[in-house]
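Student: Just need the structure, nothing else, for what follows:
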Amino acid sequence: MTERNLMHHRITRLAIPTGLLVTGAIVVGCAPAASSGDDVTLSVWSWQASSAPKWEAVFDVYEESNPGVTIEFEGYQPTEYNQILATGMTGSDGPDVAMLRAYGGVQPAIQADQLVPIDDVVDGLDQFEPSVLRAAQGVDDGATYGVPFAYQTMHMFYNKTIFDEQGLEEPTTWDEFIALQEDLLDADITPMALGARDAWVLPMFADIVGSARYGGTQFEEKVLSGETDFTDDDYVASLEIVEDMQKYLDKDVNAIAVADATLQFTSGQAAQWPGGSFDLPTFQESAPDTEWGAYSVPPAPGSVLDQAVTPGYADGSFGINASSDQQDAAADLLRWMTTTEFGQLVADEVDQFSAVPGVSYSDPLMQEMNEQYQENPAPYLLLVDFRYGDPTGTDVLGPDIQALFLGEKTPEKLAEDLQAGVSAWFTPTP
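Tutor: Now for the predicted structure:
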């Protein structure tokens, strides 16, 4: 990355604010007509291959309102998408519209001039919270390159059947949280399913159990300004919680992949799942007869915050390929993505929290999870603020937590490694 000081001068608070979804918010505009009388085919690429039928249902609605427009949706595996998109955007075989990673993930395409700035092209961007829109903006020029489509929240999911059978309830204090894990161990039930073989889930786990301990948004503000860093005692203490949680995971947790952990949870071998709102559709589809719940982990003793927090982040946006020869039609599609019609379809069909204000959720658990987030939000810190350089914060902490579980590193060493890693490119802005 270049111009690092300038970059982080522009990156202030990127966590999604409490008021993201305000009931009754008004969205100006309606679904546009196709750009011309000619038939148009728009290719749309995404990393959400497993949700392809759901996205196709969303775009079917647009096609019905825009005769002559055909949307060809192509979903790729999330682990392969970044490279596939990077390759596609350099030639003539890329998409017309691309689902873009958020925050640091979109910067390479912006800096390579592969995306069309849309501030003067797409109306309705001003309705999005500024912090959400920043996830689709260039850090050097401040321009917007995508329409945000969703945000994700992070919770401790649980199997209600297991809880009912064991006489267990959602914990409201740290002591209750620990007693719950011990009761599950006594019942020979794995308390939490975690796919630690896939390092990317581990920084999420760290924030789910430890964000309140290190201070959530308060710590974010201090670390961005340089008032503190990741070797701070409170951040180290949050990593000690991660170490303490190992006894409640599978004894071979580092050998368990996410797919295997998912099976453990949906089959009832494990009672809880620390993960994201994006996981819920998988649980519901894999075990349709099981009722799920979700709670935010209560703050541990000594926590900076005295209430449970729910970490979250803007998930991504849709942007226009600068090499597309259908840019007018692509802009029409993005304008539609700012409407409540599109936002409600994302909620109803794709089962995700829409970034468009004024959207409601018919799924009671989604509504509950959203309320948890709205009450006490916190940033998923290493994704929101520390993916703008190499190495990213998540790339450092994930493998280090694997080493922690193997007994090869201490929480203090994890904090030192994280600080050393991000210091290679991050400069605080007092």
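
Student: And the helices in the stretch 101-250 of the chain, which stretches?
Tutor: 107-111, 130-134, 160-166, 174-186, 202-214, 216-225, 233-245 (DSSP state H, counting those that start in this stretch).

Student: closest one to T410 among those helices?
Tutor: helix 233-245 (8.1 Å; Cβ to Cβ). C-beta coordinates here come from the backbone N, C-alpha and C atoms, glycine included.

Student: helices or strands next to the next helix or strand after that closest one in the packing?
Tutor: Note on helix 233-245: by DSSP states H and E, the next helix or strand toward the C-terminus is helix 258-266. Packing partners of helix 258-266 (3 or more Cβ pairs under 8 Å, 6 or more residues apart in numbering; DSSP states H and E): strand 270-276, helix 280-286.

Student: Would you convert the ones you listed into JSON lines that also reports distance to G293 and mean neighbour count?
Tutor: Below are the helices and strands packed on helix 258-266 laid out as JSON lines (distance: least, Cβ to Cβ, whole Å; neighbours: other Cβ atoms under 10 Å):
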{"stretch": "strand 270-276", "distance to G293": "9", "mean neighbour count": "25"}
{"stretch": "helix 280-286", "distance to G293": "11", "mean neighbour count": "16"}
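
Student: looking at those, which is closest to R213?
Tutor: Short answer: strand 270-276, nearest of the helices and strands packed on helix 258-266 by Cβ to Cβ, at 14.6 Å.

Student: could you point out the longest strand in the protein?
Tutor: When the chain is parsed with DSSP state E, its longest strand is strand 147-159.

Student: follow-up on the earlier one: TSV for the helices of the stretch 101-250 of the chain, including mean neighbour count and distance to V297?
Tutor: Shown next, in TSV, are those (neighbours: other Cβ atoms under 10 Å; distance: least, Cβ to Cβ, whole Å):
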stretch	mean neighbour count	distance to V297
helix 107-111	19	32
helix 130-134	19	24
helix 160-166	15	15
helix 174-186	16	6
helix 202-214	26	5
helix 216-225	19	12
helix 233-245	20	9
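
Student: Please name whichever of the ones you listed is nearest to V356.
Tutor: Of all those, helix 130-134 sits nearest to V356, with 9.9 Å by Cβ to Cβ.

Student: Any idea how far stretch 101-121 is from the middle of the chain?
Tutor: Remark: stretch 101-121 is offset 18 Å from the chain centroid, using Cα atoms, centre = their mean, to the nearest Å.

Student: from what I can see P391 touches G421, true?
Tutor: Yes. Counting by Cβ atoms under 8 Å, P391 touches G421, with 4.7 Å between them.

Student: Have a look at the two and say which one is more surrounded.
Tutor: G421 (21 against 17; other Cβ atoms under 10 Å).

Student: mind saving the C-alpha coords of stretch 292-304 as PDB?
Tutor: Provided in PDB are the C-alpha atoms of stretch 292-304 (Å, rounded to 0.1, in the frame of the first residue of the first chain):
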ATOM      1  CA  TRP A 292     -31.700 -22.200  16.900                       C
ATOM      2  CA  GLY A 293     -31.000 -19.400  19.300                       C
ATOM      3  CA  ALA A 294     -28.300 -16.800  19.600                       C
ATOM      4  CA  TYR A 295     -26.900 -14.600  22.300                       C
ATOM      5  CA  SER A 296     -24.000 -12.200  22.900                       C
ATOM      6  CA  VAL A 297     -21.300 -13.400  25.200                       C
ATOM      7  CA  PRO A 298     -21.500 -11.600  28.600                       C
ATOM      8  CA  PRO A 299     -18.400  -9.500  29.600                       C
ATOM      9  CA  ALA A 300     -15.700 -11.300  31.500                       C
ATOM     10  CA  PRO A 301     -14.400 -10.000  34.800                       C
ATOM     11  CA  GLY A 302     -12.200  -7.000  34.400                       C
ATOM     12  CA  SER A 303     -13.800  -6.000  31.100                       C
ATOM     13  CA  VAL A 304     -13.600  -2.500  29.800                       C
END
